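1. What follows is a predicted structure for the sequence shown.
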Amino acid sequence: MQPFTLNYARPAGQLDVTAPYAYDSALQLNVLPDGRIAATDHAILLTLGTTTSTAGSKTHFDD
Amino acid sequence: MTVLILTSDEDVTADMVVLRLGEAGVPVVRFDPADLTNGVALTGEYAGDDCGGHLSVGGRLVGMSGLRSIWVRRPGDAAARAAQPSPWLTQESAQALYGMLRCSDARWMNHPDAAPRARHKPWQLRLAQRSGLPVPATLITTFPDTAREFAERHRDVVVKPVSGAHPQEPPRAVPTSRVAPGTDFSAVAFGPTLLQQRVAKRADIRLTAVGDRLLAARKPVDPDAHPDHVDVRFAPSVSPWLPAEVPPRVAVSVRRYLKAAELAYGAFDFAEDADGTWWFLECNQSGQFGFVELDTGQPIAETIAHWLAGDDRPVEPYTHDKRDAVP
């Protein structure tokens, strides 16, 4: 009884990766443990895939 | 005048825009509607022929009349993190928040009336046709025989979710996938199925539209790539995204699409075939853009910041290495 489309589903492994930054409500920005702004560290963003097209799909329709 | 950003705390892509707004000295209030009544408070009053109200977020106070724009990025469900969350409280909180925000004179990216409609892929395909964008032959059906006939007629088809959503419990991803010859279509009866003629592509195109500004990026396909690698999000990468020029006819059609959809922001996906034609695949009204900016250096975050700030004048003229550009 599984819909046809789900025959092509695969485990979503990377969606549960924990990001090494935390939201700072005073700055309204995410901050790395050393105090730097996460969004300025492009290497980390690319490594985590945080801003890539599959991120956020867990709760949102749009990629 | 303040820019209001509704998104989750962990949305580091939104951070890129918050940074640009901060550099420009534009006041920003950011919060996740999920935190309503748990760190976020609101009030609104209607008296005589006037109305007013304000939001309080982490010590920041902003009046409804002081909002210049509202960016609905990736908000959680209203009051989802309240002390005693419930579907009723979420409904109450969403009605209060978005109802009051609709009373402001702020510009929206994107308006809550336009956004849900724009998410419907069948509607997107029709609007793309009407806007003059080439659309691959597509079928959405629960009839197995119709699906089988479509696949036989078009010989090479892919399947993708109608909604773009990924199933949970357990979390799974559903990439756009090639349907093998001789596939059994009987399970089409158990859920709407979207089949589309596969475009033999030489590149993927992501066109990010911000207001009237169009920023396109191109990712070439490995000439030796297996034809089963359809979905750029899951295929092996042989090249970063590169800046691309938007063909004038495509630009006209994309602007026509945005106007009809009443969208201030849209992330368009195209497949470029061997003739250079851009085939419309979809338009995500809240599509990600960080990965494009990081690869191409295109000032997407800055362009969004300018739009939110109410300044539609072009940002610093964008130049890139013309050797990377696609005519």
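-> Received the coordinates, thanks.
2. Quick check: nearest residue in space to residue B:16, chain neighbours excluded?
-> Leaving aside its sequence neighbours, residue B:16 sits nearest to residue B:301 (C-beta to C-beta, 6 or more residues apart in numbering or on different chains; 3.8 Å). (Glycine included, C-beta is placed from N, CA and C.)
3. Quick check: the one you found touching residue B:22?
-> No. Counting by C-beta atoms under 8 Å, residue B:301 stays clear of residue B:22, with 11.6 Å between them.
4. Comparing those two, which residue is more hemmed in?
-> Taking other C-beta atoms under 10 Å in any protein chain shown, residue B:301 and residue B:22 do not tie; residue B:301 has more neighbours (22 against 16).
5. Pull up the overlap in contacts between residue B:301 and residue B:22.
-> Common neighbours of residue B:301 and residue B:22 are not found (criterion: C-beta atoms under 8 Å, 6 or more residues apart in numbering or on different chains).
6. Show me what the helix or strand of chain B with the lowest mean pLDDT is packed up against.
-> Across the helices and strands of chain B, mean pLDDT, DSSP states H and E gives its lowest value to strand B:172-173, namely a mean of 88. Contacting strand B:172-173 under the criterion 3 or more C-beta pairs under 8 Å, 6 or more residues apart in numbering or on different chains; DSSP states H and E are the following elements: strand A:10-11.
7. residues of whatever helix or strand comes next after the strand it packs on that come out buried?
-> Toward the C-terminus, strand A:10-11 is succeeded by strand A:22-24 as the next helix or strand (DSSP states H and E). If you call a residue buried by 16 or more other C-beta atoms under 10 Å in any protein chain shown, then strand A:22-24 has these buried ones: residue A:23.
8. How about the very next helix or strand once past strand A:22-24 and chain B, any contact?
-> Counting by DSSP H and E, the next helix or strand C-terminal to strand A:22-24 is strand A:29-31. Yes. On the criterion C-beta under 8 Å from any C-beta of the partner chain, strand A:29-31 is in touch with chain B at A:29-30.
9. now what about strand A:29-31, what contacts it?
-> A:19, A:21-24, A:37-39, B:9-10, B:12, B:15, B:18-19.
10. do that again at 6 Å, thanks
-> A:21, A:23-24, A:37-38, B:12, B:15, B:18 (C-beta atoms under 6 Å, 6 or more residues apart in numbering or on different chains).
11. Can you tell me the SS state at residue B:116?
-> What DSSP: H, G, I helix; E, B strand; the rest coil gives for residue B:116 is helix.
12. Tell me how many other residues crowd it.
-> By other C-beta under 10 Å, the burial measure for residue B:116, its neighbour count, is 12.
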